[in-house]
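Engineer: give me a 3D structure for the following:
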Amino acid sequence: MTWVFDKPLYSLSDADKNEADKKLWEAEDLGGITEDNNRVPQPVVALVFLTVLTAFAITFPLWGQRPTAAIYVDYIKTMDSPEIKAIDNDVSAMQRIVEANKGSQYTPQLERHPVTMDDLRVLKPQIEALAKSGVDLKDYTVVGPQVVLANFEGNKRADGTRERFQPWWDKGYTIDIFYLLAFFLGVTITIKRLPPNNWVPTHHH
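Structural biologist: Alright, predicted model coming up:
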């Protein structure tokens, strides 16, 4: 039952255990169902990893972040400038507002959550009222035409209030990664504790 680590990708068992497993493998007919000692097909392994990577890429917490009121503050300030007020076309005015705020800390989020001039006109009084009340605008989410308190509850601030904005990285994501790594490591160890795949059972033939 000794573990051997000199060739971990070949076998994790010593010769005595491998021989004992071979004898047991040949003696057990599993009710007439025979099992060969073949390698897991590489295309199957590649497909499993591709599926996992795709699932993680699609569900990455950053992509699921809702727009907060904070990301539109600069847009609202810019729309009140004489330059924007002089533009009589809403589409052109919105394009100019976007250009004027390129490079801000919220640019990536603004690109994922674009708005129109009509949207800004509806959001403006709500966001300005919240800003005057002194609350953290990151705690408020824009849902359609409404600015509402986000339903996410994060860490506590120094003043005792809860952070309400979604982090770019989710704890559940960390847990998923941990369990997936544990699963793949467990499967690999289990396979490598079996006799090496260059041995083929005869099934009494």
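Engineer: can you give me the helices in the protein?
Structural biologist: 15-27, 42-58, 73-79, 82-85, 90-100, 107-112, 117-133, 171-192 (DSSP state H).
Engineer: deepest-packed of those helices, please.
Structural biologist: Stretch with highest mean neighbour count among the helices of the chain: helix 73-79 (a mean of 18; mean count of other Cβ atoms under 10 Å). C-betas here are computed from N, CA, C, even on glycine.
Engineer: distance-wise, check the spatially most central residue of the chain relative to residue 53.
Structural biologist: Nearest residue to the geometric centre of the chain (Cα atoms, centre = their mean): residue 60, 2.3 Å. As judged by Cβ to Cβ, to the nearest Å, residue 60 and residue 53 stand 11 Å apart.
Engineer: residue 110 and residue 99 touch, don't they?
Structural biologist: No: the criterion here is Cβ atoms under 8 Å, and residue 110 misses it with residue 99 at 11.6 Å.
Engineer: for the residue nearest to the centre of the chain, which non-adjacent residue is closest in space?
Structural biologist: residue 173 (7.5 Å; Cβ to Cβ, 6 or more residues apart in numbering).
Engineer: same check on residue 106?
Structural biologist: residue 71 (4.0 Å).
Engineer: now do the contacts for that neighbour.
Structural biologist: Shown in contact with residue 71 (Cβ atoms under 8 Å, 6 or more residues apart in numbering): 106, 109-110, 113.
Engineer: in TSV: those, plus pLDDT and distance to residue 178.
Structural biologist: Shown next, in TSV, are the contacts of residue 71 (pLDDT from 0 to 100; distance: Cβ to Cβ, whole Å):
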residue	pLDDT	distance to residue 178
106	91	31
109	89	28
110	93	33
113	92	31
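Engineer: quick revisit: rank the helices of the chain by pLDDT, which is bottom?
Structural biologist: Here those differ in mean pLDDT, and the lowest is helix 15-27 at a mean of 86.
Engineer: what's the offset of that helix from the middle of its chain?
Structural biologist: Remark: helix 15-27 is offset 43 Å from the chain centroid, using Cα atoms, centre = their mean, to the nearest Å.
Engineer: equivalent analysis for stretch 27-44, please.
Structural biologist: Per Cα atoms, centre = their mean, the centroid offset for stretch 27-44 relative to its chain is 35 Å.
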